[in-house]
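Engineer: here you go, sequence then predicted model.
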Number of protein chains: 2
Amino acid sequence: MIVVDRIAAMQALISQHRREGKTIGFVPTMGYLHEGHAALIERARQENDIVVLSVFVNPLQFGPNEDFARYPRDFARDRQIAEQHGVDVLFHPEAGEMYPGPLTVQAVVKARTDVLCGRSRPGHFDGVATVLTKLFHIVMPDRAYFGLKDAQQVAVVDGLIRDFNFPIELVPVPTVREADGLAKSSRNVYLSPQERKEAPALYQALRSAAAAVDRGERSAAAIRRLVREHIEAHTHAEIDYVEVCSYPDLTPLETLHGTVLVAVAVRFASARLIDNIILELPKAHKQED
Amino acid sequence: MIVVDRIAAMQALISQHRREGKTIGFVPTMGYLHEGHAALIERARQENDIVVLSVFVNPLQFGPNEDFARYPRDFARDRQIAEQHGVDVLFHPEAGEMYPGPLTVQAVVKARTDVLCGRSRPGHFDGVATVLTKLFHIVMPDRAYFGLKDAQQVAVVDGLIRDFNFPIELVPVPTVREADGLAKSSRNVYLSPQERKEAPALYQALRSAAAAVDRGERSAAAIRRLVREHIEAHTHAEIDYVEVCSYPDLTPLETLHGTVLVAVAVRFASARLIDNIILELPKAHKQED
C-alpha cells in the first residue's frame, strides 16, 4: 500500500494507472475506520483493479458549533485497517494541501438538503459536495463507494454526480451493524455504557416501521408516530427528527409509495446518532397521495 | 469531423481516445464562431491529438434581461468553420440534454466576480462555472482554451480549475482583433455602421493607457481617466466601467504593480462591448501601494 499526501503526486499516480487501462474504485472517508468502511473497501476491492481510500477530516463540512476539533482521529490504526483490507493507495492530505487559501468557487447543493440532517446543518452538504468534487478530480475514480447509513449524503452525491456529469458510478453500500442492530459509526465511541445499551432502539424502531408497512400501513404520520414512540419508550435520547420521504429526491411523503426512506436522528448526552431504512413499495399507490 | 449531441456518446468516445493514450484539447464556445475562436482551435490543434469544440448557448449564464433569446446562432456555419480548422469532434447538445431538470447542485463563484462585468451580471459566472464543470466532465480534456478578450472569465476559470483540482491545463489565448483594432466578438454583428466606426476607440484607449504606463505612469486613477476621456471623445457609447486591477485575483489597484488588467465595457445603442489589456509591471513597485 502506498500512502500519498500530495495532490499532484496522487494525480500523477492515478494518471499512470489509467493509462495502463486499470479501473479505480474510491472510498472517501473521514477516517477512524470501522466495519462500515471495511465493507466499502471490500466491495471496491471486488469491482476494481486499484482501490483508493482517502482519510481527510474535511473542515468545510463542519458547522461552527460542530465537532470538527474533537472528531475522532487515529491515522496509525486507519493505515493498518486499510492495508489489511487490501487498499492500494491511501490518500491522506493535510488541510492546507486541500485548502491552500480561500476558495474562489464552491459546490452549492440546491435540493435534497432542506430535510433530515440538512435542515439542522446549514452548509454541511455544500462542504461535502465541494470536497467530493475536489477528491473526484484528484482520484479520478470509475466507481465511488458510499455507505447508506448516511442516506441523505448518498442522495446528495447522486445529484452531484448526475448534475455535474461526473464520469463516475455511484455505488451505495448497505449499512453495517453491530450484533444488536446498532449502525456502525465513528461517533459510537462517544456513547456512555447506558447510552450504548439504549442505542439499538433506533434500528428496532425502524424495523417495527418496516413490519407495519409489510402489514399494509401506508400513512407516513402513523409510521413517524410508531418510530417516535418506540424510541421514547426505550431510550433517554432526545429525538431530532423522524422523517418519511421519497428516495433519492427526499420529498416528504404523506402516503408511502415507490422507494421510501424512513430516517431518524437522536441526541444522546454525548453523541448524535442517525439511522434509516429504505423500503421498496409499489409505485401504484401514488394516486392515494 | 464527428458531430455529437448526446452526453453519454461523448463520454464513451472520449474514454476510447483516452484509453488509446491520446491527448484532448477542448475549446468551449457559445457558437457563432469568428477568428477569435479559430485562434483557439488552431492553438488546440497544435498541442493535442484530438480537438473537441463545443457549441452550446448556455441559458444558465444569461440574466433575465439579457440577450439569451437573440444571441446570434448559425450552426451550419459553425460546423463548416470547425471542420475547416481541423476540429475532430463537435459537441452540440440541446439545452434539455445539458439541463434535463432542475439542478440539485451548482458551482458558485465566491471571488473575482464583484468587479468588472461580474458586478452588473449577478449569477453570470455561477452559470459559466456550472456549465464548464459539466463540459469538463463530458469532454475530459487535458487542456482547455479560453480567449483573453473575456479576461474575467479566464480569471474565474483559473480559480475553478485550481480550487476544484481539475486535472486540466488552462491555456489563455490572446485576443484576436480586426485590422483597426476592434476585438473580434460574436456581438459585433449588432453594431450599426456608425457604431462599428467608433468601436476601435476602445482598443486605442487601452493602447494609450499602455503607452502612459511605459512612460512611467503608475496611478490607477490617472489610467482610468485617460481611458475614459479617450472613449468619451471618440464614441457615442455609454461607459459601463473602466477598471484597473491585479490579475488573476482581480483586486482593484490604486498603484500599478505586478500583472495588471486594464478593462473596459461600454454600451452602444445596440450592443455592449468589452475589451482589455494585461500589462506586466515589476512587482517591486508594491511598496507604493
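Structural biologist: Looks like it came in fine. Numbering: from 1, shown residues only, chains lettered A, B, ... in the order given.

Engineer: residue numbers of chain A in contact with chain B?
Structural biologist: Taking CB under 8 Å from any CB of the partner chain as the contact definition, chain A meets chain B at A:7, A:11, A:15, A:18-19, A:21, A:102-112, A:129, A:133-134, A:137-138, A:140, A:156, A:159-160, A:162-167. To be clear about C-beta, it is placed using only N, CA and C from the backbone, and glycine gets the same treatment.

Engineer: count of residues packed around A:Arg224?
Structural biologist: Here the number of neighbours of A:Arg224 (other CB atoms under 10 Å in any protein chain shown) works out to 17.

Engineer: then A:Thr133?
Structural biologist: By the criterion of other CB under 10 Å, A:Thr133 has 23 neighbours.

Engineer: right, and it touches B:Phe164 too?
Structural biologist: Yes. Counting by CB atoms under 8 Å, B:Phe164 is a contact partner of A:Thr133 at 5.3 Å.

Engineer: stretch A:51-60: end-to-end distance?
Structural biologist: Terminal residues of stretch A:51-60 are spaced 25 Å apart (CA to CA, to the nearest Å).

Engineer: ok, the helix or strand hosting A:Leu90: who's next to it in the sheet?
Structural biologist: Element membership for A:Leu90 (DSSP states H and E) is strand A:89-91. Under the criterion DSSP bridges, strand A:89-91 sits next to strand A:2-4 (parallel), strand A:50-55 (parallel) in its sheet.

Engineer: tell me the average confidence for the helix or strand following that strand?
Structural biologist: For strand A:89-91, the succeeding helix or strand toward the C-terminus, using DSSP H and E, is helix A:95-98. Looking at helix A:95-98 alone, the average pLDDT works out to 97.

Engineer: which residues touch helix A:95-98?
Structural biologist: Outside of helix A:95-98, the residues within contact range by CB atoms under 8 Å, 6 or more residues apart in numbering or on different chains are A:5-7, A:56, A:58-59, A:131, A:134.

Engineer: list residues touching both of A:Thr133 and B:Phe164?
Structural biologist: Both A:Thr133 and B:Phe164 are contacted by B:Thr133, under the criterion CB under 8 Å, 6+ apart.

Engineer: other SSEs contacting the worst-scoring helix or strand of chain A on mean pLDDT?
Structural biologist: Evaluated with mean pLDDT, DSSP states H and E, the helix-and-strand set of chain A has its lowest mean pLDDT in helix A:116-120, which scores a mean of 85. Under the contact criterion of 3 or more CB pairs under 8 Å, 6 or more residues apart in numbering or on different chains; DSSP states H and E, the helices and strands touching helix A:116-120 comprise helix A:124-139, helix A:151-163, strand A:238-246, strand A:259-267.

Engineer: partners of whichever helix or strand comes after the last one, with directions?
Structural biologist: Okay, so that is strand A:259-267. Remark: after strand A:259-267, the chain's next helix or strand is strand A:272-280, criterion DSSP H and E. Counting by DSSP bridges, the strands paired with strand A:272-280 are strand A:259-267 (antiparallel).

Engineer: residues making contact with the strand it pairs with?
Structural biologist: Contacting residues not belonging to strand A:259-267 are listed as A:116-117, A:151-152, A:202, A:205-206, A:209-210, A:213, A:223, A:227, A:231, A:235, A:237-248, A:250, A:253, A:272-281 [CB under 8 Å, 6+ apart].

Engineer: would you mind checking those for buried ones?
Structural biologist: Burial by neighbour count, judged by 16 or more other CB atoms under 10 Å in any protein chain shown, picks out A:116-117, A:151-152, A:202, A:205-206, A:209, A:213, A:223, A:227, A:231, A:235, A:237, A:239-248, A:250, A:253, A:272-279 from the contacts of strand A:259-267.

Engineer: what pLDDT is listed against the most centrally placed residue in chain A?
Structural biologist: In chain A, the residue lying closest to the centroid (CA atoms, centre = their mean) is A:Asp150, at 3.3 Å. According to the predicted model, the pLDDT of A:Asp150 comes to 93.

Engineer: how about it, what does it touch?
Structural biologist: A:Asp150 sits in contact with A:117, A:274, where contact means CB under 8 Å, 6+ apart.

Engineer: chain B versus that one, what's the distance?
Structural biologist: When CB to the nearest CB, to the nearest Å is the yardstick, A:Asp150 and chain B sit 16 Å from each other.

Engineer: and for the closest residue to chain B within the stretch 151-289 of chain A, the neighbour number?
Structural biologist: Using CB to the nearest CB, the point where the stretch 151-289 of chain A gets nearest to chain B is A:Gly159, with a distance of 3.2 Å. Counted with other CB under 10 Å, the burial measure for A:Gly159 works out to 24 neighbours.

Engineer: surely it meets B:Thr104?
Structural biologist: Yes. The pair formed by A:Gly159 and B:Thr104 meets the contact definition of CB under 8 Å, at 3.2 Å.

Engineer: give me the common contacts of the two.
Structural biologist: The overlap between the contact sets of A:Gly159 and B:Thr104 (CB under 8 Å, 6+ apart) consists of A:109, A:111-112.

Engineer: low-confidence ranges, the stretch 101-250 of chain A, go.
Structural biologist: Counting by pLDDT under 70, the stretch 101-250 of chain A contains no low-confidence segment.

Engineer: quick one: the closest residue to A:Phe125 other than its chain neighbours from B:Lys110, how far?
Structural biologist: If you skip the residues right next to it in sequence, A:Phe125 has A:Val109 as its closest partner in space, 4.3 Å away by CB to CB, 6 or more residues apart in numbering or on different chains. When distance is defined by CB to CB, to the nearest Å, A:Val109 is 15 Å away from B:Lys110.

Engineer: also A:Leu13?
Structural biologist: Between A:Leu13 and B:Lys110 the distance, using CB to CB, works out to 30 Å.

Engineer: which one of the two is surrounded by more residues?
Structural biologist: A:Leu13 (19 against 16).

Engineer: am I right that that one is in contact with A:Val89?
Structural biologist: Yes. Taking CB under 8 Å as the definition, A:Leu13 is a contact partner of A:Val89 at 6.6 Å.

Engineer: so for the two, which residues contact both of them?
Structural biologist: Overlap between the neighbourhoods of A:Leu13 and A:Val89 consists of A:2, A:4, taking contacts as CB under 8 Å, 6+ apart.

Engineer: phi, psi for A:Gly36 please.
Structural biologist: Backbone torsions of A:Gly36, given as degrees, to the nearest 10, read phi -60, psi -50.

Engineer: residue contacts, it?
Structural biologist: The neighbourhood of A:Gly36, defined by CB under 8 Å, 6+ apart, consists of A:147, A:149, A:175-176, A:183-185.

Engineer: please produce a markdown table containing those, extended by secondary structure.
Structural biologist: Written out in a markdown table, the entries for the contacts of A:Gly36 read as follows (DSSP: H, G, I helix; E, B strand; the rest coil):
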| residue | secondary structure |
| --- | --- |
| A:Gly147 | strand |
| A:Lys149 | helix |
| A:Thr175 | coil |
| A:Val176 | coil |
| A:Ala183 | strand |
| A:Lys184 | coil |
| A:Ser185 | coil |
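
Engineer: any idea which of those is closest to B:Met30?
Structural biologist: For those, the closest approach to B:Met30 (CB to CB) belongs to A:Gly147, at 41.2 Å.

Engineer: so what's that closest one bridging to?
Structural biologist: As for beta bridges, A:Gly147 partners with A:Val173 under DSSP bridges.

Engineer: verify the stated contact: it with A:Leu40.
Structural biologist: Yes. Counting by CB under 8 Å, A:Gly147 sits close enough to A:Leu40 to count as a contact (6.1 Å).

Engineer: which residues do those two both contact?
Structural biologist: A:Val173.
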